[in-house]
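Undergrad: following is a predicted model, sequence given first.
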Amino acid sequence: MILNLCYLIFAYLLGSFSSAVVVCKMMGLSDPRQGGSNNPGTTNVLRLHGKPAALLTLAGDLLKGLIPVFIGKMLGAPDLIIAGIGLAAFLGHLYPIFFGFEGGKGIATFIGVIFATAWQVGIAFLSMWVLMAVLFRFSSLAALAASLVSLLAISYFMPLPHYLVCSIIMVVLIFWRHKENIKKLIAGNENKFGQKKPPQDSDLT
């Protein structure tokens, strides 16, 4: 019982590690929460500081979803706890205790969680993301569609209710954090790849 609680706490605390803020500080760059969209995510770091900082941010956000789930599986945690670990890491990214509970939109950390849970689900996510991005050139639409496809993949590859329930919670929160992007998509003024963006994130944040 105590060990399972430790898994969950560790996952949340690791998720609360803001890759964007830490990377920018280590590289002597401005705080991403104080420029662009003010969002501590990969897209805003890319916009403000370029590819090297953005790639490091993306790697950090992926790993903080992947590492705790992987550790839980390697140490033999029950499936219910593994599902909870993924959700805890994801919630840490969205609501980081170390950064005033103001985090990113969760896509990169979600990818890390599902890859560690079942690599087939991660492949399904990335395949749909690429397909939608190529067809429509909306990063936000690609991320949202891929998130929905991941639910179908979870139900097929990991047919246990706790994995599906935790995944549904994460996808609902992803849609909630992308509500401004959804409004823009409906209104027809969301930015496509290659267009100059206003300060509003729409993808791997």
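TA: Now that the structure is in, tell me what you want to look at.

Undergrad: all contacts plus neighbour counts: C-alpha atoms, from now on.
TA: OK.

Undergrad: ok, longest helix in this structure?
TA: Longest helix of the chain, by residue count under DSSP state H: helix 51-74.

Undergrad: now the element after that one, going C-ward?
TA: helix 79-94 (DSSP states H and E).

Undergrad: so who does Glu102 touch?
TA: Leu94, Tyr95, Pro96 (Cα atoms under 8 Å, 6 or more residues apart in numbering).

Undergrad: just the pLDDT for it.
TA: pLDDT for Glu102: 88.

Undergrad: kindly report the same for Ala153.
TA: pLDDT at Ala153 comes out at 97.

Undergrad: okay, and it sits in which element?
TA: Using DSSP H and E, Ala153 sits within helix 139-157.

Undergrad: what are the buried residues along that helix?
TA: Judged by neighbour count (16 or more other Cα atoms under 10 Å), helix 139-157 contains these buried residues: 139-151, 153-155.

Undergrad: give me the below-cutoff pLDDT ranges for this protein.
TA: Flagging of the chain using pLDDT under 70 yields the residue ranges 193-205.

Undergrad: who wins on neighbours among the contacts of Glu102?
TA: In terms of neighbours by other Cα atoms under 10 Å, these top out with Leu94 at 25 neighbours.

Undergrad: which ones are touching that residue?
TA: Leu94 neighbours (Cα under 8 Å, 6+ apart): Ser16, Phe101, Glu102, Gly103, Gly104, Lys105, Gly106.

Undergrad: rerun at 6 Å
TA: Applying Cα atoms under 6 Å, 6 or more residues apart in numbering, we find Leu94 in contact with Gly103, Gly104.

Undergrad: likewise Phe175?
TA: Residues near Phe175 by Cα under 6 Å, 6+ apart: none.

Undergrad: next SSE after the host helix or strand of it?
TA: If you go by DSSP H and E, Phe175 is part of helix 161-177. Following helix 161-177 in sequence order, the next helix or strand is helix 179-187 (DSSP H and E).

Undergrad: from the middle of its chain, how far away would that following helix be?
TA: 19 Å (Cα atoms, centre = their mean, to the nearest Å).
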